[in-house]
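Participant: Model the following, please.
(one chain, ligands or ions: 1)
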Amino acid sequence: MGLRSPIPEFVEHAARDAVFGHSADHHLDGKTLESVRAEVDADHFAGTFNGMNESASWWTVAAVWDQLFPLRQARVNMCASLVPRGGALLDAGCGTGSLVRALLPAGVDAFGFDLDPGFVEQAKLALKTNSDRVSQGDLAAIETVFPVKVFDAIVCLGQTFPHLLTDSDIASFLEGASRRLKPGGALVLQVVADRDDRPDRTLPDLDAAGVRLQRRRILTSSDRAELHLVATNGLGDAAWKVEHRRWTPESLMAVAARFGFARDVVWADESEKPWTGAEPGWILVLSKD
Ligand SMILES: C[S@@+](CC[C@H](N)C(=O)[O-])C[C@H]1O[C@@H](n2cnc3c(N)ncnc32)[C@H](O)[C@@H]1O
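Facilitator: Model prediction:
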């Protein structure tokens, strides 16, 4: 899968040199986060390619992710409401770590991990002294991340859980998540805009911080969809695609039940409005038996 491709060396060097100045500790050396992001992004696109490229992936837009997909306060509130005060929450597939950053001041003992080294680097940079609260890890190996912690809640938000394609990866995630949760803990899985059965659909372009992200969603079978992405910033463009597994709350619940999860509620979105079946996406809240 494209997401497992290593971050290209030139991006890694640009990021390491600009952000960390060859040292392992996370100092900005007088640069602002924005200037570092701009440098890394410019280097990244200047050295990049036209057309589909094997190594392009979500990291392509890691530097501007928070502007393209701003964290919604409703998501922060929903997550804070899932744990007791001071409770521990793990954001599985945390992207830039924006949720972890927002939950810490709300008194949540928040951690996150992501497969993508570009995102993890962004997250560590932004978390500053809390940089050890994010790490690189695979959803399918959730059992191994932050191994000494047990959590009151594990959340997997945005279109993240559907990146798991095989039955064995899905089983590893659900089994591992169950082991990492306290009894009665919550596992929260979001699926975005999956109900749409149009075979080929262009999603609205997203524009932020000089980057345009074009997205096209193609149904490839009854339970698979491909998202084709093109990011452009005036210096070049990069294209990649990701494959998603399609779910309904019922099909996902049936699998989760095999790993000791019970259905609590299905919300339409982070505002905790009940899902009626008509909304394109949903959030399944499960509790560990
Ligand atoms: C659409 S983004 C959503 C990010 C974040 N949860 C949000 O809502 O902003 C999907 C994320 O899933 C991560 N991801 C995909 N497959 C993964 C895997 N097997 N393990 C961990 N993270 C994964 C990607 O790197 C990316 O950060």
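Participant: Pick out the least confidently modelled helix or strand of this structure, by mean pLDDT.
Facilitator: helix 9-15 (a mean of 37; mean pLDDT, DSSP states H and E).
Participant: Can you tell me, leaving aside adjacent residues, what's nearest to residue 203?
Facilitator: residue 215 (4.1 Å; C-beta to C-beta, 6 or more residues apart in numbering). Bear in mind the C-beta positions are built from the backbone N, C-alpha and C, glycine included.
Participant: Which helix or which strand is home to the one you found?
Facilitator: According to DSSP states H and E, residue 215 maps onto strand 211-221.
Participant: How about that strand and the ligand, any contact?
Facilitator: No: on the criterion C-beta under 6 Å from any ligand atom, strand 211-221 is out of touch with the ligand, staying 10.6 Å away.
Participant: same check, this time on stretch 96-106
Facilitator: No: Stretch 96-106 lies apart from the ligand when judged by C-beta under 6 Å from any ligand atom; the minimum separation is 6.8 Å.
Participant: Let's test this: mean pLDDT of that stretch, rounded?
Facilitator: For stretch 96-106, mean pLDDT is 97.
Participant: CA atoms of that stretch as CSV?
Facilitator: What follows is stretch 96-106, C-alpha atoms only, in CSV (Å, rounded to 0.1, in the frame of the first residue of the first chain):
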residue,chain,number,x,y,z
THR,A,96,-0.5,15.8,12.7
GLY,A,97,-1.4,15.2,16.4
SER,A,98,-3.8,18.2,16.4
LEU,A,99,-6.3,16.3,18.6
VAL,A,100,-3.6,15.3,21.1
ARG,A,101,-2.5,18.9,21.3
ALA,A,102,-6.0,20.2,21.9
LEU,A,103,-6.9,17.5,24.5
LEU,A,104,-3.9,18.1,26.8
PRO,A,105,-5.0,21.5,28.0
ALA,A,106,-8.5,20.0,28.5
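Participant: How many residues are close by residue 218?
Facilitator: Close neighbours of residue 218, defined as other C-beta atoms under 10 Å, add up to 14.
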